[in-house]
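K.L.:
When you get a sec, could you give me coordinates for this:
(one chain, ligands or ions: 2)
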Amino acid sequence: MSLDTIDSLTDELPIQITPYSPTIGGEISGIDLSQPLTDGQVEGIRAALLDRKVLFFRDQNITTEQHLEFARNFGDLEVHPFAPHKDGYPEVLAITHDREHPGQENGWHSDVTWRLQPSLGSILRCIECPPMGGDTLFADMYAAYDGLPEVVREKIEGRMALHDFEGFRVRLRKRGATEAELEEFNKTYPNPEHPVIRSHPETGRKGIYVNAAFTKHIIGMAPEESERLLAILYHQANMPEYQCRFRWAANSIAFWDNRACQHYAASDYWPNNRKVERVTVIGDTPFYRAEGPTTDMDESPFRGRVERQRVAPGPNLFKS
Ligand SMILES: O=C(O)CCC(=O)C(=O)O
Ligand SMILES: [Fe+2]
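P.N.:
Ligands and ions are numbered 1, 2, ... in the order given. Have a look, this model is predicted:
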C-alpha cells in the first residue's frame, strides 16, 4: 500500500506520515494519543504500520493508562515473564539503564521469538532520554529478504529454525534464580520452531524471521551450513540500506511491527540515564507460504555493493 492511499482510507484522518527511508519508518503527526482514538484513526495507524513497519510519534505526554489503552486498539497485551515491569503494571516493561546498568539491547532482534506466538508489535515510550546517543535502529526484514540472492533463498525457503531465550536464562541466573526455577521456565516456554522466512499474516509479504539474539539453528541442516546461512541472514539487518534510525526525546513513541522488522538499541550513552517503557501486543503463530508479493516497488531501490557483499567465509553467494 502506498502512503497516499493510507490517507484516503478513512474520513477520520488527516494523519500525516513523514517517511524516514524508502521502505521503513514514518513519523506520524496529527494524532493526540492522550485522547481515545476513533475507528478511522486506528485503521489509519494500522495501515501506516503495515506499510512503514515502524511508526514514530512525538510529544505524547500520556499516562501509563493511556499508553495501555492505545496499545489495546491493536490486540491483547503480553506480560513478559522475565523482564522487570513497572510497579503495579504487569503489562508495562520498564527498561532502565544508568551508570550501574549499561544498555544491553544492542543486538539485532525481533522481540520474544522464543514464544510459540511472538508479539505482533511493541509500543515503546521514552520517559528519560540521554543528552546524546541511545537511538534505536530498525531494519526492514522484507527488504532484507528481497535483497537475498536466489541461491540463498533456495536453501532456506520453507525451512524452520529453533529459538530459545538463552540470554534471559543468563540474566535470571545472575539475579539468583535456582536451576529448579529455570527448569520450570524451560517447561513453560519450550523452544519453538519458526519459519526462517515468515509470511506476514496481513500483508502476505515474506521476510527474514531469524535473529541473532534468539535463533539457535536451522532444523535439519548440518551445523556448519546452518551457521553459515544464519550469518548471512543476520548480516542483512546490519545493512544501512534496509534501516532507519530514531532519535529519541522524552515523550517520543515508537510502534514497530515485530513481524516485519528487527530493532537494535544503540548502547552509546553510558554513563547517562535512559528510561523507556514498553507495552507489547500479542501476535499469532508464524507461518510460511511459498507465494506472496516480494516487493511493493517496481524495482528494488538498492544498488551497488549491497548486492555484492561478502558476509561469510567460503564462496560469495551474493555474487551472481
Ligand atoms: O530501548 C530500546 O530502544 C529498545 C529495547 C528493546 O529491544 C525493546 O524494547 O524491545
Ligand atoms: Fe526488543
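
K.L.:
Could you measure from the closest residue to Gly26 other than its chain neighbours over to Thr23?
P.N.:
What sits nearest to Gly26 in space, not counting adjacent residues and going by Cβ to Cβ, 6 or more residues apart in numbering, is Arg52, at 3.8 Å. For the C-beta atoms, the positions are set from N, CA and C on the backbone; glycine is no exception. Distance of Arg52 to Thr23, computed by Cβ to Cβ, to the nearest Å: 8 Å.

K.L.:
So if I had to pick from these two, which one is more boxed in?
P.N.:
Arg52 (30 against 25; other Cβ atoms under 10 Å).

K.L.:
which ones are touching the more buried one?
P.N.:
Counting by Cβ atoms under 8 Å, 6 or more residues apart in numbering, Arg52 touches Leu3, Ile17, Pro19, Tyr20, Ile24, Gly25, Gly26.

K.L.:
These in strands, which ones?
P.N.:
Counting by DSSP state E, the contacts of Arg52 place Ile17, Pro19, Gly26 in strands.

K.L.:
show me what contacts the residue in the stretch 151-300 of the chain that ligand 1 sits nearest to?
P.N.:
For the stretch 151-300 of the chain and ligand 1, the shortest gap (Cβ to the nearest ligand atom) falls at Ala265, measuring 3.5 Å. Residues counted as contacts of Ala265 (Cβ under 8 Å, 6+ apart) are Gly103, Glu105, Asn106, Gly134, Asp135, Thr136, Leu137.

K.L.:
Just the buried ones from the residues you listed, in PyMOL syntax?
P.N.:
Remark: buried members of those, expressed as a PyMOL selection using 16 or more other Cβ atoms under 10 Å:
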select buried, resi 103+134+136+137
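
K.L.:
The contacts of Ala265: which ones sit near ligand 1?
P.N.:
Restricting those to those near ligand 1 by Cβ under 6 Å from any ligand atom leaves Glu105, Thr136.

K.L.:
pLDDT and secondary structure for the contacts of Ala265 - can I get that in a markdown table?
P.N.:
Compiled in a markdown table, the contacts of Ala265 are given as follows (pLDDT from 0 to 100; DSSP: H, G, I helix; E, B strand; the rest coil):
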| residue | pLDDT | secondary structure |
| --- | --- | --- |
| Gly103 | 96 | coil |
| Glu105 | 95 | coil |
| Asn106 | 97 | coil |
| Gly134 | 98 | coil |
| Asp135 | 98 | coil |
| Thr136 | 98 | strand |
| Leu137 | 98 | strand |
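
K.L.:
Tell me the one of the contacts of Ala265 nearest Pro315?
P.N.:
Nearest to Pro315 out of the contacts of Ala265 is Leu137 (Cβ to Cβ; 29.6 Å).

K.L.:
so what's that closest one up against?
P.N.:
With Cβ under 8 Å, 6+ apart, Leu137 has these contacts: Gln243, Cys244, Arg245, Phe246, His263, Tyr264, Ala265, Ala266.
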